[in-house]
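> the following block contains a protein sequence and its predicted model.
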Amino acid sequence: LQACSHTTSKLSSEVLPECDAKYGAINEVVGDLQAFVTTHITRSFEYLLMSTHYANYQKNRLGFEKLFRGLSDEKWEQSIEIIKHLTKRGGRMNFRRWKTDERKPKQENYELYELESVAKALDIEKSLALEAHSIHDSVSRRLEKAHDPEISSYIEEKFAHKLANNVRKLSGYASDIHSFLKTKDSPLALYLFDNYLQKSL
């Protein structure tokens, strides 16, 4: 199989579909990767809204603000990385591609208390992990049209491991905060935990 089977010795302005970077299962998962980008962008803005709630003069929880701002920046940077990888493999980005359940706008509240906000972040990270697993599953099947070790490795290295760490960290935070709220000195405990987040992140 020649990559550019329709080329000739003469210069031509015609588009040569065979002369591109596509191979493997990229055509099978390009839509999933595009949806993964838009999900990351959406989550980035959601985390940004959560961070601004804690940065105002009333709440003044700079540790929680730092936590959610960091997650927002992470999702934004990862969305750019996926686009770069998608184009490296010969695909194009379509910002109108969404997961089925993300097409309808949701009326959600992002001004949450500490435990609720960490629980929401935990749900977000788990949903992203499952989306990454779905893409990985698509390219890991031993079928001719759906096997792509390069994309499989990319998803594992850049997303699966990172998301697993995020889930572990946030679940630990949620457990700690839940314990703090059971004590009679819960406001002080939350204040000290916020200071911990400022210094540790």
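That came through, no problem.
> only C-alpha atoms from now on, for both contacts and neighbour counts.
Will do.
> tell me the phi and psi of the residue nearest to the spatial centre of the chain?
Centroid-nearest residue in the chain: residue 40, 4.1 Å away (criterion: C-alpha atoms, centre = their mean). For residue 40, the backbone dihedrals (degrees, to the nearest 10) come out as phi -60, psi -40.
> how about the one 4 residues further on?
Torsion angles at residue 44 (phi, psi; degrees, to the nearest 10) stand at phi -60, psi -40.
> quick revisit: correct me, but the residue nearest to the centre of the chain touches residue 79?
Yes - counting by C-alpha atoms under 8 Å, residue 40 touches residue 79, with 5.6 Å between them.
> now residue 48: how far from residue 113?
Residue 48 sits at a distance of 15 Å from residue 113 (criterion: C-alpha to C-alpha, to the nearest Å).
> the more surrounded of the two?
Comparing residue 48 with residue 113 by neighbour count (other C-alpha atoms under 10 Å), the higher total belongs to residue 48, at 19 against 12.
> and the helix or strand hosting that one, what other elements does it pack with?
Residue 48 belongs to helix 26-55 when assigned by DSSP states H and E. Applying 3 or more C-alpha pairs under 8 Å, 6 or more residues apart in numbering; DSSP states H and E, one finds that helix 26-55 contacts helix 62-88, helix 114-140.
> could you export those helices as a markdown table, including mean neighbour count?
Formatted as a markdown table, the entries for the helices and strands packed on helix 26-55 read as follows, by neighbours: other C-alpha atoms under 10 Å:
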| stretch | mean neighbour count |
| --- | --- |
| helix 62-88 | 19 |
| helix 114-140 | 18 |
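> shaky segments in the chain?
Confidence mapping of the chain against pLDDT under 70 gives the ranges 1-18, 100-107, 142-145.
> go again using 80 as the cut-off
In the prediction, the chain carries residues with pLDDT under 80 at positions 1-22, 24-25, 98-109, 141-146.
> might one say that residue 60 is in contact with residue 66?
No - under the criterion of C-alpha under 8 Å, residue 60 makes no contact with residue 66, lying 11.2 Å away.
> count of neighbours near residue 158?
14.
> tell me how far it lies from residue 129.
When C-alpha to C-alpha is applied, the distance between residue 158 and residue 129 equals 11 Å.
> same question, residue 35
Applying C-alpha to C-alpha, one obtains 14 Å for the distance of residue 35 from residue 129.
> dump the residue contacts of the residue lying closest to residue 78 once chain neighbours are set aside.
Nearest-residue entry for residue 78: residue 40, 7.2 Å, with adjacent residues in sequence omitted and distances by C-alpha to C-alpha, 6 or more residues apart in numbering. Residue 40 makes contact with 75-76, 78-79, according to C-alpha atoms under 8 Å, 6 or more residues apart in numbering.
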